[in-house]
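> Return a 3D structure for these sequence lines:
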Amino acid sequence: MAATQYELMQRFDLRMPRYSPQMMAAVQGHMAEHPIASHRELYPTQGALTAHFERLHVRTKQYIDAVQQGWSIDDAVLDFTDDEQ
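Predicted coordinates:
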């Protein structure tokens with residue numbers, strides 16, 4: 001989680017989080033082993049990027065509909081694993 005927070009703050013040019021030296025070493029070690037791919041790497045074509053945002057739109061609409069109608073939200077609505085493709 002610390003690595004994700006660090007990555008987001010770096011991408012959006014926000015002030016960097018103040019981690020202890022031990023935590024910073026752990027974050028840098030984790031990021032060296034598991035680099036976070038950029039959107040350009042994840043979605044190399046306009047079609048892939050459009051499909052990604054369409055999936056997000058559909059999932060968000062399903063979630064809002066389920067909450068507004070008082071349904072119990074099943075795991076399929078909250079499962080975003082196919083968005084990584």
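
> domain ranges for the chain?
For the chain, the structural domains run 2-33, 39-84, going by automatic domain parsing.

> With mean pLDDT added, can I get the ones you listed in TSV?
Formatted as TSV, those follow (pLDDT from 0 to 100):
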stretch	mean pLDDT
domain 2-33	80
domain 39-84	79
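
> Save those as CSV, and put in mean neighbour count too.
The way it works is simple: take the backbone N, C-alpha and C, and place the C-beta from them, glycine included. Converted to CSV, the domains of the chain look like this (neighbours: other CB atoms under 10 Å):
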stretch, mean neighbour count
domain 2-33, 12
domain 39-84, 11
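
> State the three-state secondary structure for Gln10.
helix (DSSP: H, G, I helix; E, B strand; the rest coil).

> which residues does it contact?
By CB atoms under 8 Å, 6 or more residues apart in numbering, the contact set of Gln10 is Met16.

> now do Glu7
31, 36.

> same thing but at 7 Å, please
For Glu7, the contact set (CB atoms under 7 Å, 6 or more residues apart in numbering) comprises Ile36.

> in which helix or strand would I find it?
Take DSSP states H and E as the rule and Glu7 turns out to sit in helix 2-11.

> Off-centre distance for that helix?
Mean C-alpha position of helix 2-11 versus that of the full chain (CA atoms, centre = their mean, to the nearest Å) differs by 11 Å.

> same question, stretch 40-59
Per CA atoms, centre = their mean, the centroid offset for stretch 40-59 relative to its chain is 13 Å.

> go on, stretch 25-39?
On the basis of CA atoms, centre = their mean, stretch 25-39 sits 14 Å off its chain's mean C-alpha point.

> for the lengthiest helix in the chain, packing partners?
If you go by DSSP state H, the chain has its longest helix at helix 46-68. If contacts are counted by 3 or more CB pairs under 7 Å, 6 or more residues apart in numbering; DSSP states H and E, helix 46-68 sits against helix 75-78.

> His52 reaches Gln46, doesn't it?
No. His52 lies out of contact with Gln46 (CB atoms under 7 Å); the separation is 10.7 Å.

> And Ile64, how far from Ala51?
For Ile64, the distance to Ala51 (CB to CB, to the nearest Å) stands at 20 Å.

> One more: Gly29?
When distance is defined by CB to CB, Gly29 is 34 Å away from Ala51.
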